[in-house]
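> Coordinates for the following, if possible.
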Amino acid sequence: MKLSELAAGTSSTIERGDPDAEITGAAGLDIAKTGDITFLANPKYTPQMKETQASAIYLNEGVQLDRTDLAVLRATDSYLAYTRALRLFHPESKVLPSIHPTAVIDPSASVDAGCAIGPHVVIGKDCTIAAGAKLFANVTIYDGASVGRDSILHSGVSVRENCEIGARCIIHNNTTIGSDGFGYAKDEEKRWLKIPQVGRVVLEDDVEIGANTAIDCASVGETRIKRGAKIDNLVQIGHSCTVDEDALICSQTGLAGSSVIGKRVILAGQVGIAGHLKVGDDAVLTAKSATSHDVEPGKIISGVPGFDNKDWLRATAAYRKLGDIVQKLRDLSSRVSKLEEKE
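As a prediction, this is how the structure comes out:
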């Protein structure tokens, strides 16, 4: 691909370099080779620009490059431009319509002729699989479920009864959509009585779910993951939760039942959200944080229990000095005791 074509396709401009130079790939600063384009987004990697073997680089406005042998493409966001370059060099493969002979499809199911259905896929009664959907081996679609246009379900995915997968969703290996919510009531003998879980899960368009994640159905009503939300591997979404548009939920996070996660919220790894809470739009919970109270929009929360990130940073700084503080208190206490004895 010519440098000029790459610039046009990544919303960047050529500051230096031959517009007709051929660029063959994209890679990070440390592994890029001749013919690759790379990028600098984090200033701490600036020293790597001196050694990179790339032929071109994306730079944000104002970032300078001492070398003259690299072509420079200026971008408002160099990381975004680099991401677009990767997508240009690695386009998604087209779906080749087919149904593997080992697939089991109920006669009542509606499977569009433009789908790709892999080996040992099972599609239950009254299901709908839209055009362009791709179901890899051993995917199971329970009765009444639907999969939207151009969605991809990787091997081992289970979509439980009456759940709905929107358009252009990606669900990675061994994830379960619509498993029973964790609901029990104690009977007169103090034994657990299972509460029927008769709701469903709805994934809106452009949602991506990582591997080995479980999204529970509601006891009644629905659990809903809204447009563009991205959920990592090994995440637990409890029954009746709502995850709003463009939220980002990282690995090993757990949401208890009826949590409401706002737009563009970021939940970092191993975050815990107690039940019936609301996390406001654009809030961030840093790794290993947990909250048992609502979080205001735009807040950055850290710790267990979670509180304001700036306060948490000061608290952790003080905690590291706690041993010295205790010793100083002991010394002061001893001095005060000696002074009191002299009186």
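> which residue packs closest to Asp30, ignoring adjacent ones?
Leaving aside its sequence neighbours, Asp30 sits nearest to Gln48 (C-beta to C-beta, 6 or more residues apart in numbering; 5.8 Å). (Glycine included, C-beta is placed from N, CA and C.)
> what residues are up against that neighbour?
Leu29, Asp30, Leu40 (C-beta atoms under 8 Å, 6 or more residues apart in numbering).
> Neighbour count says what about the residues you listed? Which are buried?
Leu29, Leu40 (16 or more other C-beta atoms under 10 Å).
> List the ones among the contacts of Gln48 that fall in strands.
Secondary structure assignment by DSSP state E places none of the contacts of Gln48 in strands.
> would CSV of the contacts of Gln48 with distance to Ile99 be doable?
As requested, the contacts of Gln48 are exported to CSV (distance: C-beta to C-beta, whole Å):
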residue, distance to Ile99
Leu29, 45
Asp30, 44
Leu40, 47
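> which one among the contacts of Gln48 gets closest to Asp294?
Leu40 (39.0 Å; C-beta to C-beta).
> How about the contacts made by the closest one?
Neighbouring residues of Leu40 by C-beta under 8 Å, 6+ apart: Leu29, Thr46, Gln48, Met49, Ile57, Tyr58, Leu59, Asn60, Val63, Ser78.
> In those residues, which residue is surrounded by the most others?
Neighbour counts for these, by other C-beta atoms under 10 Å, peak at Tyr58, which reaches 29 neighbours.
> chain center to stretch 49-61: distance?
28 Å (C-alpha atoms, centre = their mean, to the nearest Å).
> Could you tell me the average pLDDT over it, please?
Averaged across stretch 49-61, pLDDT comes to 95.
> Residues touching it, excluding its own?
3, 6, 10, 12, 15, 17, 21, 23, 27, 29-30, 32-41, 65-67, 70-79, 81-82, 85.
> Show me those residues that map onto helices.
Members of these lying in helices (criterion: DSSP state H): Leu3, Leu6, Ser78, Tyr79, Ala81, Tyr82, Ala85.
> my guess is the third one meets Ala41, correct?
The one in question is Ser78. Yes: assessed by C-beta atoms under 8 Å, Ser78 is found in contact with Ala41 at 5.1 Å.
> What's the separation between Arg84 and Leu73?
According to C-beta to C-beta, to the nearest Å, Arg84 and Leu73 sit 11 Å apart.
> out of the two, which sits in the busier spot?
Between Arg84 and Leu73, counting by other C-beta under 10 Å, Leu73 is the more crowded of the two (27 against 19).
> Pretty sure that one sits against Ile37.
Yes: assessed by C-beta under 8 Å, Leu73 is found in contact with Ile37 at 7.3 Å.
> Average pLDDT for stretch 189-204, rounded please.
Mean predicted confidence for stretch 189-204 is 96.
> Quick one: residues in contact with that stretch.
Residues contacting stretch 189-204 (C-beta under 8 Å, 6+ apart): 160-166, 169, 171, 177-178, 180-181, 183-187, 209, 215-229, 239-240.
> Got a PyMOL select line for the buried ones in those?
Burial among the contacts of stretch 189-204 is assessed by 16+ other C-beta under 10 Å; the matching PyMOL selection reads:
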select buried, resi 160+161+162+163+164+165+166+169+171+177+178+180+181+183+209+215+216+217+218+219+222+223+224+225+226+227+228+229+239+240
